[in-house]
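J.: Coordinates only, no sequence provided:
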């Protein structure tokens, strides 16, 4: 087992207090412990538990200012048939690494036919730990998509950046038809409910304090949700692939996760579980209990300056991304580490 997980709260606190140093050590650990292999005739070093991200589309019906897809180059899509063929080809090329798979976007649920075809390939090749991240808006129009997702996914992540639906709409730039009532019905009445996880981005003007976090968790528990992730805005390099305005806003509206988690540490309703680190992301996993109800709570923070540094190491691949135009790369940057 790789030495990237700790069950000691002291290690999590130390990492919180020295995030830059901890990311640097994680980056060095990846370089030293990556597994060697050959892909399409070229030698690489790969993460030992590599993930294949599938960007089902580059476009979305939301207009979240904090979307990590706000890049400074043009993003293109391809047809359903070509994309699905590219996905199957990518799976065939990288399956010797036994990757986990995560479907993302853009917004996958507004492309139900493409999403179902991708799910079929996931089942065909028995890919590990499939997860989909979405805003869920298309589930209202095509409720049958839930029936396709439920038997395949390990988790369905739904972006929910506030417990108040109107406030959520202001943050995301559109009124999501999947309102709180419909979301609660899915959790209560559909098999996917047990696999549902809410993703909330901490930000100024949204969920930004420990008090906000507790209120959000109580709201989630009342709906029957048992898994919630709070993430910070990533630290972004200004000389990389992101739009200048995005870099500026991410800095201005950044909420430091340290004081938030420090505050809940003293709350007996929270119990620390474990800490996990990577080359530019780290996660603290807690349990929140209220009466006879409880949920898993993840606090995630990241620094994409280290992701840029990782891109500069040509033979080191931490993850794969199948971009919306069908290009397979070892980076979220469409123009770096293109594999096929």
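T.: Received the coordinates, thanks. Remember, it's a predicted structure, so these values are computed and weren't measured experimentally.
J.: And residue 61, how far from residue 20?
T.: Between residue 61 and residue 20 the computed distance is 36 Å (C-beta to C-beta, to the nearest Å). C-beta: built from backbone N, CA, C; applies to glycine.
J.: same thing with residue 277?
T.: Separation of residue 277 from residue 20 (C-beta to C-beta) stands at 13 Å.
J.: who's more crowded, those two?
T.: Under the criterion of other C-beta atoms under 10 Å, the comparison of residue 277 against residue 20 puts residue 277 first, with 22 against 11.
J.: OK, contacts around that one?
T.: Contact criterion C-beta atoms under 8 Å, 6 or more residues apart in numbering gives 4, 5, 15, 22, 23, 26, 283 as the residues in contact with residue 277.
J.: ok, now residue 249?
T.: 65, 66.
J.: Would you confirm that it belongs to a helix?
T.: Yes. Counting by DSSP: H, G, I helix; E, B strand; the rest coil, residue 249 falls inside a helix.
J.: could you show me where the strands are in the stretch 101-250 of the chain, in order?
T.: Per DSSP state E, counting those that start in this stretch, the stretch 101-250 of the chain carries strands over the ranges 128-134, 155-159, 196-201, 227-231.
J.: which stretches of the chain have low pLDDT?
T.: When residues are selected by pLDDT under 70, those of the chain lie in 1-2.
J.: which one in it is furthest away from the centre?
T.: In the chain, residue 41 marks the outermost C-alpha relative to the chain mean, sitting 30.5 Å out by C-alpha atoms, centre = their mean.
J.: wait, what's in contact with that one?
T.: Contacts of residue 41 were listed using C-beta under 8 Å, 6+ apart, and none were found.
J.: Going forward, the N-terminal residue is numbered 453.
T.: Will do, 453 is the new start, and the previous item becomes residue 493.
J.: For it, give its distance to residue 545.
T.: For residue 493, the distance to residue 545 - C-beta to C-beta - is 11 Å.
J.: do the same with residue 525
T.: Applying C-beta to C-beta, the value for residue 525 to residue 545 is 24 Å.
J.: Which of the two has more residues huddled nearby?
T.: Neighbours were counted for residue 525 and for residue 545 using other C-beta under 10 Å; residue 545 has more, 15 against 10.
J.: my guess is the more buried one meets residue 780, correct?
T.: Yes. Proximity of residue 545 to residue 780 meets the contact threshold set by C-beta atoms under 8 Å, at 7.1 Å.
J.: residues shared between the contacts of these two?
T.: Taking C-beta under 8 Å, 6+ apart as the contact rule, residue 545 and residue 780 both touch 791, 792.
J.: Looks to me like residue 544 is in a helix.
T.: Yes. Residue 544 sits within a helix when classified using three-state DSSP.
J.: contacting residues around it?
T.: Residue 544 makes contact with residue 577 under the criterion C-beta under 8 Å, 6+ apart.
J.: that older thread, ok, which of the strands of the stretch 553-702 of the chain comes nearest residue 665?
T.: Evaluated over the strands of the stretch 553-702 of the chain, closeness to residue 665 peaks at strand 679-683, with 6.3 Å, by C-beta to C-beta.
J.: Name the strands paired with that closest one and say parallel or antiparallel.
T.: Strands that pair with strand 679-683, judged by DSSP bridges, come out as strand 648-653 (parallel), strand 745-754 (parallel).
J.: What lies in contact with that strand?
T.: By C-beta under 8 Å, 6+ apart, the residues outside strand 679-683 that reach it are 607, 609, 648-654, 659, 665, 668-669, 672, 709, 712, 740, 747-754.
J.: ok, now with 6 Å
T.: For strand 679-683, contacts defined as C-beta atoms under 6 Å, 6 or more residues apart in numbering pick out 649-654, 672, 747-752.
J.: Next: stretch 609-628.
T.: Contacts of stretch 609-628 with the rest of the structure, by C-beta under 6 Å, 6+ apart, involve 513-516, 585, 587-589, 631-632, 649-653, 658, 668, 671.
J.: starting at the chain centroid, how far to it?
T.: Remark: stretch 609-628 is offset 17 Å from the chain centroid, using C-alpha atoms, centre = their mean, to the nearest Å.
J.: The most centrally placed residue in the chain and residue 462, how far apart?
T.: Central residue of the chain (C-alpha atoms, centre = their mean): residue 585, 6.7 Å from the mean position. Distance, residue 585 to residue 462, using C-beta to C-beta: 31 Å.
J.: before we move on, what about residue 635?
T.: With distances taken as C-beta to C-beta, residue 635 is found 37 Å from residue 462.
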